[in-house]
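[1] Quick check, what structure comes out for this input:
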Amino acid sequence: MGKLYDDIALERARVVPDGKLLEEVVEDSALRRTTLLPRCAALAWMVVFSILVAACGAAPTTGAPGSGTAAPREKLNVIAGTVEPGRIIEYVAILNGYYAAEGLDVDFKIVGANNVVNLIVSGQADLANIAVPNALAPVRDGKETVIVAGGTGNGASGFFSGNVKKGITDYSQCTRITTFTAGSAAYAWAALYKKVLNLKGELVQLGDVAALQPSILSGQSDCGSTGGNVVTEGLRTGELRLLIDPRVGLPPAVPKNVLEQATFGLKDNLKAKRPAVIKYLKASQKAADAIKNMSNADLAALLVKHPDWQAIGVANAIGQLDLNRFSVRPNNGYIESAIWPTELEWVRYGSPFVDNDPKWSFASRVDMSYYEEALGKPK
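    Numbering: from 1, shown residues only. This next block holds a predicted model:
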């Protein structure tokens with residue numbers, strides 16, 4: 001109706017002295033004319049005009065038809081620790097406008113791996129994608145967290161590499177093994193490898209993801225157990241050699257089908273924002289569907305349009321995708337209760353505080369009702 005008011009303006013209404021006629025001057029973009037109307041017709045038009053003004057002023061924009069009020073766009077604050085292939089769902093959903101199409105404003109920020117949990121439990125963020133051990137850790141302190149979707153799995157953070165210059169050709173040769181801090185997916189894999197494969201090497205924990213690869217290349221450690229994206233450059237230059245490549249397969253004694261990263265938040269907060277979480281999952285599925293039809297080169301070209309990926313560049317993004325894309329969104333993000341016993345077994349390698357208490361059970365820590373409402377239960 002706004003354009004109508006711009007194009008058609010009521011300039012004046014004047015009653016003729018004898019009271020029988022009303023002169024109106026109506027101007028539009030194509031024609032200026034003076035129309036003489038009977039007084040009763042003019043009054044009828046004024047009534048209709050008033051009704052139209054009232055109707056347009058009350059018309060909903062995004063609310064339900066007939067609601068009479070505009071529905072505000074829902075908002076979610078979503079965070080992640082680092083820029084890496086495990087986050088491609090969020091970036092594609094942002095770049096392709098899938099969140100906006102669902103009527104959802106998503107404020108997505110990279111906050112550093114060591115800050116994610118604190119921001120969730122303090123209520124400064126709603127959802128985060130993080131290693132499952134980290135998502136469970138707040139439960140020790142009475143914080144009720146819940147996982148609503150899977151992120152990565154099947155060895156995404158279990159790439160085991162060796163320093164070529166040091167002549168490392170087998171993981172049994174490693175004396176120092178660089179990995180991330182306890183509670184991370186990388187540390188869980190490192191601790192698991194050390195135990196199951198009977199490795200003699202010392203685990204060296206570093207709290208800065210950017211320091212992991214340099215510590216191996218510099219000789220501070222001779223091996224590393226990390227995400228594939230962490231050692232992309234060393235593998236490209238030939239300075240590092242993969243000793244365990246999850247894309248090819250994991251050692252026989254190592255658990256399979258492990259969920260490593262997941263989307264989680266505080267139970268009460270997500271319950272209060274359930275409609276927004278449903279929209280988030282719907283948009284995530286649209287992103288996943290789009291990614292299925294993209295080559296690594298096409299996906300990298302899209303990702304670098306976001307400021308977070310511009311410093312990484314297309315070539316390095318392709319390298320990271322070559323290593324880690326296989327691990328993104330296992331089982332399309334749906335978590336089956338049947339995997340949970342194996343999941344907790346894997347978690348305990350890096351987080352021994354997780355015992356057999358029911359508070360760690362699937363029923364307590366995972367809620368697939370959000371996913372099922374948004375997308376239905378996979379058949």
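
[2] which ones are touching the spatially closest residue to Ala93 that is not a sequence neighbour?
    For Ala93, ignoring the flanking residues on the chain, the nearest one in space by C-beta to C-beta, 6 or more residues apart in numbering is Ala287 at 4.0 Å. To be clear about C-beta, it is placed using only N, CA and C from the backbone, and glycine gets the same treatment. Applying C-beta atoms under 8 Å, 6 or more residues apart in numbering, we find Ala287 in contact with Ile88, Ile89, Glu90, Val92, Ala93, Asn96, Tyr98.

[3] Can you get me a residue count around Lys200?
    Counted with other C-beta atoms under 10 Å, residues neighbouring Lys200 total 10.

[4] same check, this time on Ala283
    When neighbours are counted by other C-beta under 10 Å, Ala283 registers 26.

[5] go on, the one 10 residues further on?
    Asn293: 8 surrounding residues under other C-beta under 10 Å.

[6] just the helices in the stretch 251-379 of the chain please.
    Applying DSSP state H, counting those that start in this stretch to the stretch 251-379 of the chain gives helices spanning 267-272, 274-292, 296-303, 307-310, 313-324, 340-350, 362-365, 369-375.

[7] Contacts for the third one, please.
    With C-beta under 8 Å, 6+ apart as the test, helix 296-303 has contacts from 88, 91-92, 95-96, 291, 294, 309, 312, 314, 317-318, 321-322, 325.

[8] For the residue lying closest to Asp268 once chain neighbours are set aside, list the residues it contacts.
    Excluding the flanking residues, the one nearest Asp268 by C-beta to C-beta, 6+ apart is Glu144, at 7.0 Å. By C-beta under 8 Å, 6+ apart, Glu144 lies in contact with Leu266, Lys267, Asp268.

[9] that older thread, now do the residue nearest to Ala93 against Ala131, distance only.
    Between Ala287 and Ala131 the distance is 21 Å, computed by C-beta to C-beta, to the nearest Å.

[10] Check what pLDDT the residue nearest the centre of the chain gets.
    The residue lying closest to the centre of the chain (C-alpha atoms, centre = their mean) is Glu90, at 3.7 Å. Listed pLDDT for Glu90 reads 98.

[11] I'd say it and Phe108 touch.
    Yes. Counting by C-beta atoms under 8 Å, Glu90 does reach Phe108; the two are 5.5 Å apart.
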